[in-house]
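Chemist: just the structure for this:
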Amino acid sequence: MAGRARLERRALRARVEVWRTGLAIMGGDGADRRQRIAKALAAHDATEPLRPSDHAWVRWFLAHALCGTGSQSEGGRLTGEALDGARARGDRWVEAAALADRSVQRLLGGDVAGAEEDAARSDALFAEVGDACCRLWSVYPLATVAEIHGEYGRADRLERAVWRRRRASG
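Modeler: Below you'll find the model as predicted:
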């Protein structure tokens, strides 16, 4: 039992390292980010048998931290791994979150049609799991695509509808 407790403490420390790394990147600390991400992933993956469901979430969270920081290749790789893991485990929330991020990555890369497809699928999945707040992540790229196509009224309706749902859900 002592061995299991030690492994659980390592798993907890690894999870904290993932959070610390992701939040630091989101906060603008880009120093050595590739090395820090690699270290956080290695620490997590060494304890993965305890929490196999975390595999996709960890990759999504670190990719999400990178979204919009200019490191789209690394974020894209992690997002792909998160999508594969989420789909393999049937984790609809992580799949929706990863699709929302991939839609932003696609927008940044100029793939408007791909961005719209991912954002629409993300929005449907967030609706399916009942997460009105996170639907904001999918609406941003949907509204941006609408604006690109000159559909300003549609963009406004999308954003207003999600904000209404978010306020209603508390």
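
Chemist: from now on I want contacts and neighbour counts done on CA atoms only, so please keep to that.
Modeler: Will do.

Chemist: what's residue 110 sitting at in phi/psi?
Modeler: Main-chain torsions, residue 110, degrees, to the nearest 10: phi 90, psi 10.

Chemist: centre of the chain to the top helix by length along the chain, how far?
Modeler: Across the chain, the longest stretch assigned as helix under DSSP state H is helix 2-26. Remark: helix 2-26 is offset 19 Å from the chain centroid, using Cα atoms, centre = their mean, to the nearest Å.

Chemist: tell me the helix or strand right after that helix.
Modeler: Later in the chain than helix 2-26, the nearest helix or strand by DSSP states H and E is helix 33-46.

Chemist: helices or strands up against the helix or strand that comes right after that next one?
Modeler: As assigned by DSSP H and E, the chain's next helix or strand after helix 33-46 is helix 54-66. Applying 3 or more Cα pairs under 8 Å, 6 or more residues apart in numbering; DSSP states H and E, we find helix 54-66 packed against helix 2-26, helix 33-46, helix 72-89, helix 92-108.

Chemist: got the angle for helix 54-66 vs helix 2-26?
Modeler: 20 degrees (axes from the mean of the first three to the mean of the last three Cα atoms, to 10 degrees).

Chemist: which other residues reach helix 54-66?
Modeler: 18, 21-23, 25-26, 37, 41, 45, 48, 72, 74-76, 78-79, 81-86, 94, 97-98, 101 (Cα atoms under 8 Å, 6 or more residues apart in numbering).

Chemist: what's the answer for stretch 114-129, then?
Modeler: 92-93, 95-100, 102-107, 132, 134-135, 138-139, 141-142, 145.

Chemist: coming back round to it: which of the helices and strands packed on helix 54-66 is buried the deepest?
Modeler: Most buried of the helices and strands packed on helix 54-66, by mean neighbour count (mean count of other Cα atoms under 10 Å): helix 92-108, with a mean of 26.

Chemist: so what secondary structure elements neighbour that one?
Modeler: helix 54-66, helix 72-89, helix 112-129, helix 135-148.

Chemist: quick one: buried residues of the first one?
Modeler: Along helix 54-66, these residues count as buried under the neighbour rule (16 or more other Cα atoms under 10 Å): 54-66.

Chemist: ok and that helix relative to helix 72-89, angle-wise?
Modeler: Using the same axes, to 10 degrees, helix 54-66 lies at 150 degrees relative to helix 72-89.
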